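In: just to be clear, the model below is a prediction. Sequence and coordinates:
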Amino acid sequence: MNVSFENVSVEIGGRRIVDNVSLAVPSGTVLGILGPNGCGKSTLLRTLYRAQKPSSGVVRVGGDDVRNLDGREVARRIAVMAQESTQEFPITVREMAMLGRVPHQRGFGADSAADVELVDTALREVGAAHLATRYFTGLSGGEKQRVLLARTLVQQTPLLVLDEPTNHLDIAFQLELMSLATSRGLTVLTALHDMNLVTEFCDHVALLRGGELQAIGRPDEVLDENAIRTGFGVDSARIEHPITGRPLIAVARLTPGALEQAIHHTEPLKEHA
Ligand SMILES: Nc1ncnc2c1ncn2[C@@H]1O[C@H](COP(=O)(O)OP(=O)(O)OP(=O)(O)O)[C@@H](O)[C@H]1O
């Protein structure tokens, strides 16, 4: 299912957080969204799953303006693994994963055998089967991430939104999660900080800065040393990975004067009267 952002802007409290972003994500492709802290990655993604209303512009999913879809239809099209977890009430891991089935269920009936099977399979896939009867609130950060991934998988949507999904995850599970999420032929939009996960798993990358889209394209086209210096204020070298042969971005150091520039660029953003 394809996605498009058409001249999307978001203003909050007079500040323009997302500034006239237009981009298209073809069906079945993986888009990584990269950019410094506070550049608007989460806010842009939130407009897609209707957690944030754009001040102007349109976000389309499968050709439809998301604002015109009802909540259940949005949840049938888009599964979200967001940074913040608001589920702090005491439910078990299995119950948390089962929440992914809600958009497909009618009323308050018991979970079907097929639903239970889907949940058990997903918990196994993410390496969380042994946690099934534990309370979600008592899990470690990485364990929570695994369970939240299971919940998005059982939702069986054509579109996945992953907002910094590898937070808290050990290096092996970072790779496993990205592989689980990107190997199903789904359309995936994911905010990431690790450029090497982007080069490994994303078809395209969008580089944001101060709410604006700086560049979009294949990772090997977009992520050159200049773009990384301008975007993040660090010096780097792009080398060939000795094992995979893919581009490997080796970060060397902060570019002199970069911190001041970064603060200058994020602090005022664009003040609107
Ligand atoms: N509801 C809100 N009220 C006020 N400011 C907000 C709100 N939501 C986001 N912002 C501000 O908008 C800017 C962009 O935030 P956003 O979370 O989209 O950035 P991000 O690129 O995802 O950052 P990070 O990499 O740190 O997660 C930040 O300066 C943030 O403080």
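Out: Yes, it's here.

In: any idea how far residue 123 is from the ligand?
Out: Residue 123 sits at a distance of 27 Å from the ligand (criterion: CB to the nearest ligand atom, to the nearest Å). C-beta here means a position set from N, CA and C on the backbone, and glycine is covered the same way.

In: so what's that residue up against?
Out: For residue 123, the contacting residues are 93-94, 97, 129, 131-132, 147, 150, by CB atoms under 8 Å, 6 or more residues apart in numbering.

In: that one in helix, strand or coil?
Out: Secondary structure assignment for residue 123 (DSSP: H, G, I helix; E, B strand; the rest coil): helix.

In: burial count for the closest residue to it other than its chain neighbours?
Out: Taking CB to CB, 6 or more residues apart in numbering as the measure, residue 123 lies nearest to residue 129, with 4.7 Å between them; neighbours along the chain are not counted. By other CB atoms under 10 Å, 15 other residues sit near residue 129.

In: and the contacts of residue 123, which of them are in strands?
Out: When these are checked against strands using DSSP state E, none is located there.

In: quick check on the residues you listed: which are buried?
Out: Applying a neighbour-count criterion of 16 or more other CB atoms under 10 Å, the buried members of the contacts of residue 123 are 93-94, 97, 131-132, 147, 150.

In: and those as TSV, adding pLDDT and distance to residue 43?
Out: Shown next, in TSV, are these (pLDDT from 0 to 100; distance: CB to CB, whole Å):
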residue	pLDDT	distance to residue 43
93	95	30
94	95	32
97	95	27
131	96	32
132	96	34
147	93	25
150	95	26
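
In: nearest to the ligand, of those residues?
Out: Comparing the buried ones among the contacts of residue 123 against the ligand with CB to the nearest ligand atom places residue 147 closest, at 20.9 Å.

In: for the closest one, what are its contacts?
Out: When contacts are counted by CB under 8 Å, 6+ apart, residue 147 touches 93, 96-97, 123, 126, 128, 131, 136, 139.

In: how about residue 21?
Out: Applying CB under 8 Å, 6+ apart, one finds that residue 21 lies in contact with 5, 7-9, 44, 57, 208, 211-213.

In: what is the most widely separated pair among the contacts of residue 147?
Out: Farthest pair in those (CB to CB) is 126 and 136. Separation: 13.5 Å.

In: burial measure for the closest residue to residue 228 other than its chain neighbours, as a count.
Out: Excluding its sequence neighbours, the residue lying closest to residue 228 (CB to CB, 6+ apart) is residue 236, at 4.9 Å. Around residue 236 sit 20 other residues, with neighbours defined as other CB under 10 Å.

In: please apply the same query to residue 72.
Out: Residue neighbour count, defined by other CB under 10 Å, stands at 11 for residue 72.

In: secondary structure element holding it?
Out: helix 71-77 (DSSP states H and E).

In: mean confidence score for that helix?
Out: Averaged across helix 71-77, pLDDT comes to 93.

In: same deal with stretch 217-227?
Out: On average, the pLDDT along stretch 217-227 is 93.

In: who's in contact with it?
Out: For stretch 217-227, using CB under 8 Å, 6+ apart, the contacting residues are 32, 34, 195, 198-199, 202-205, 207, 214-216, 235-238, 247, 249.

In: alpha carbons of that stretch, as CSV, please.
Out: Provided in CSV are the C-alpha atoms of stretch 217-227 (Å, rounded to 0.1, in the frame of the first residue of the first chain):
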residue,chain,number,x,y,z
GLY,A,217,16.6,8.8,-2.6
ARG,A,218,18.5,5.5,-2.3
PRO,A,219,20.8,5.4,0.7
ASP,A,220,23.9,5.2,-1.5
GLU,A,221,22.8,8.4,-3.4
VAL,A,222,21.8,10.4,-0.3
LEU,A,223,24.2,9.5,2.4
ASP,A,224,27.5,10.9,1.3
GLU,A,225,30.0,12.7,3.5
ASN,A,226,28.7,16.2,2.6
ALA,A,227,25.1,15.3,3.4
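
In: okay, buried residues for that stretch please.
Out: Of the residues in stretch 217-227, those buried by neighbour count under the rule 16+ other CB under 10 Å are 219, 222-223, 227.

In: want to try TSV for the residues you listed, with secondary structure and distance to the ligand as columns?
Out: Supplementary listing: the buried residues of stretch 217-227 in TSV, determined by DSSP: H, G, I helix; E, B strand; the rest coil; distance: CB to the nearest ligand atom, whole Å:
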residue	secondary structure	distance to the ligand
219	helix	18
222	helix	17
223	coil	17
227	helix	17
